[in-house]
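Peer 1: here is a sequence with its predicted model. Questions after.
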Amino acid sequence: MMKKASKNNNNIDTQIRGAIHSFSQTEIESLRRKLLQWYDVNKRDLPWRNIKGEDTNHKAYAVWVSEIMCQQTQVATVIDYYNKWMKKWPTLESLSKASLEEVREVWAGLGYYSRGQRLFEGACKVQNELDGQIPGTAEQLRKELPGVGRYTAGAIASISFSEATGVVDGNVIRVLSRLRMIGADFTTQNVMTAIWDLANAIVDPDRPGDFNQSMMELGATVCHPKSPQCPSCPVQSHCRAIQQMDQLTRDLATKLTKSNGQSLPEEKDIVDIECAADGCSLCMDGPVDANLGVMNYPRKPKKKPLKQQVIAVCIVERETNDEEEYLIVQRPDTGLLAGMWEFPSIEIAEETSRQKSRNKMDSYLKDTLNMTLKNVKDRKHIIQFVHMFSHIHQTYELETMKVEEEEEEDVSDKSQESEDIPHHQWVSRSAFEGQAVSAGMRKAFDAYNGKTIKKKSGKKSKKSEIEDENAPKQRKLDSYFTKKEEKTSRCK
């Protein structure tokens with residue numbers, strides 16, 4: 001029976017939690033033992049788990065890098081980026097001596113680009129203001145380091161400094177919601193507070209880092225969102241969601257048996273999974289779907305419709321000294337894809353004709369980038385494709401343009417003369433590959449070079465849907481405070 005949380009003017013429902021949603025001390029001890037035993041045998045071999053030496057500060061740096069990279073991004077994707085990053089900047093001190101432009105170049109393609117900037121800013125602060133020592137507690141990490149929220153702070157503190165503090169990411173939310181049958185909207189403050197309380201209550205005081213990683217590992221490899229491997233779960237005996245599904249099965253069997261006039265078998269050791277609290281704010285609002293099984297938990301909130309945008313993109317090419325060069329423009333220091341390089345791009349209204357789109361692009365190239373367009377050799381529309389962000393659905397209309405070198409050799413960067421003029425430059429093909437360019441623009445360049453773009457389904461089409469690296473893999477828990485940074489800034 002699912003109970004709907006009562007509401008009144010005093011919001012008292014936020015204080016009501018049924019005991020069924022918590023763990024007893026006996027359960028906690030069993031949970032710790034079983035999870036750590038399972039983790040020791042089944043944990044994945046990941047580079048940030050193999051940090052040699054006893055230097056906790058260096059370990060904290062490695063964990064910090066890995067945790068920031070893993071936010072919103074699959075581990076399989078992160079591994080190569082992590083190895084490349086640590087090879088280039090093996091220590092926090094070496095990162096603090098880099099430039100923001102270098103950081104953006106290494107981060108390019110990983111998505112959510114402000115993460116790299118926050119990591120760089122944090123390294124600069126630790127090196128210049130904290131004597132090179134990363135704070136050793138979750139509280140101090142959140143206080144001192146930009147871009148480090150409650151989850152990241154807990155991960156660094158527990159894994160690197162053995163602080164007995166819990167962590168909550170998307171995997172942990174899913175595991176705890178199923179273990180304790182938490183069916184209320186997990187995006188609400190009350191439910192998140194309850195989940196954090198559970199995470200802090202069950203963390204193993206002797207091996208907090210390993211325990212927290214075991215919880216996240218369980219969610220990533222066994223307790224999947226859509227295909228949970230319940231028979232392989234080391235803590236299935238503690239899972240209220242499984243117990244609830246078993247009860248539903250028994251109830252159905254009872255009804256069928258009674259309808260056939262048969263006697264019921266004696267039931268033993270049946271776990272009572274009814275929540276006794278009236279107006280419990282953690283219970284599911286409404287009935288469970290027996291067909292979903294444990295996937296009833298966690299209950300996801302309704303998704304907001306994605307913002308729709310149409311972006312006209314023009315790859316402008318010129319030949320100089322027998323080498324092709326391309327015009328690229330740097331995005332503003334704040335906002336989406338801050339500081340990244342792109343081909344000339346403008347947002348246009350939906351259903352804009354190709355001719356009107358071309359006229360708007362001409363105006364942008366002439367008025368903003370100082371191009372003449374007096375001698376365009378070749379110009380054509382080559383492809384339309386979809387590029388997905390977590391909150392934006394972009395349709396790219398891609399065209400190409402070839403221009404004479406002598407007509408455009410005066411396209412100089414005048415961004416220092418006015419804030420309305422973006423930083424821009426001509427780059428060779430090899431130089432383009434080394435620039436901090438977003439995945440969407442790299443896909444556009446692939447299309448320009450004749451590479452066929454694949455749909456998500458695996459079918460190939462000229463009119464394609466491209467999966468962006470920004471597509472969310474788990475719920476975002478840390479937020480970032482954007483700070484304006486000089487384009488070539490280094491630690492002061």
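Peer 2: Okay, I see it.
Peer 1: does the residue nearest the centre of the chain belong to a helix, a strand or coil?
Peer 2: By CA atoms, centre = their mean, the mean C-alpha position of the chain lies nearest to Gln72, the distance being 1.1 Å. Recorded secondary structure, Gln72: coil (DSSP: H, G, I helix; E, B strand; the rest coil).
Peer 1: look up how far Phe389 lies from it.
Peer 2: Computed as CB to CB, to the nearest Å, the Gln72 to Phe389 distance reads 11 Å. (Glycine included, C-beta is placed from N, CA and C.)
Peer 1: before we move on, what about Ile182?
Peer 2: Look at Ile182 and Phe389: by CB to CB, they are 29 Å apart.
Peer 1: so between those two, which is more surrounded?
Peer 2: Shown here are Ile182 and Phe389; by other CB atoms under 10 Å, Ile182 has more neighbours (29 against 20).
Peer 1: so which helix or strand takes in the more buried one?
Peer 2: For Ile182, there is no enclosing helix or strand under DSSP states H and E.
Peer 1: tell me which residues touch it, please.
Peer 2: Ile182 makes contacts with His21, Leu176, Val191, Ala194, Ile195, Leu282, Tyr297, Pro298, as judged by CB atoms under 8 Å, 6 or more residues apart in numbering.
Peer 1: by pLDDT, give me the weakest of the residues you listed.
Peer 2: By pLDDT, Leu282 ranks lowest within the contacts of Ile182, coming in at 86.
Peer 1: that residue belongs to a helix?
Peer 2: No - looking at Leu282 with three-state DSSP, it is coil, so not inside a helix.
Peer 1: that one reaches Gly183, doesn't it?
Peer 2: Yes - contact criterion CB atoms under 8 Å: Leu282 and Gly183 qualify, at 7.3 Å.
Peer 1: any idea how far Val167 is from Ala157?
Peer 2: Between Ala157 and Val167 the computed distance is 9 Å (CB to CB).
Peer 1: apologies, that question was intended for Ile348.
Peer 2: Distance, Ile348 to Val167, by CB to CB: 43 Å.
Peer 1: quick check: domain ranges of this protein?
Peer 2: Residue ranges for the domains of the chain, per automatic domain parsing: 12-236, 307-466.
Peer 1: so what's the predicted local confidence for the nearest residue to Arg354 once chain neighbours are set aside?
Peer 2: Nearest residue to Arg354, sequence neighbours excluded (CB to CB, 6 or more residues apart in numbering): His381, at 5.8 Å. pLDDT for His381: 93.
Peer 1: picking up where we left off before, could the contacts of Ile182 go into JSON lines alongside secondary structure, distance to Glu433 and neighbour count?
Peer 2: As requested, the contacts of Ile182 are exported to JSON lines (DSSP: H, G, I helix; E, B strand; the rest coil; distance: CB to CB, whole Å; neighbours: other CB atoms under 10 Å):
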{"residue": "His21", "secondary structure": "helix", "distance to Glu433": "52", "neighbour count": "26"}
{"residue": "Leu176", "secondary structure": "helix", "distance to Glu433": "44", "neighbour count": "28"}
{"residue": "Val191", "secondary structure": "helix", "distance to Glu433": "45", "neighbour count": "23"}
{"residue": "Ala194", "secondary structure": "helix", "distance to Glu433": "48", "neighbour count": "23"}
{"residue": "Ile195", "secondary structure": "helix", "distance to Glu433": "43", "neighbour count": "23"}
{"residue": "Leu282", "secondary structure": "coil", "distance to Glu433": "51", "neighbour count": "26"}
{"residue": "Tyr297", "secondary structure": "coil", "distance to Glu433": "45", "neighbour count": "28"}
{"residue": "Pro298", "secondary structure": "coil", "distance to Glu433": "42", "neighbour count": "25"}
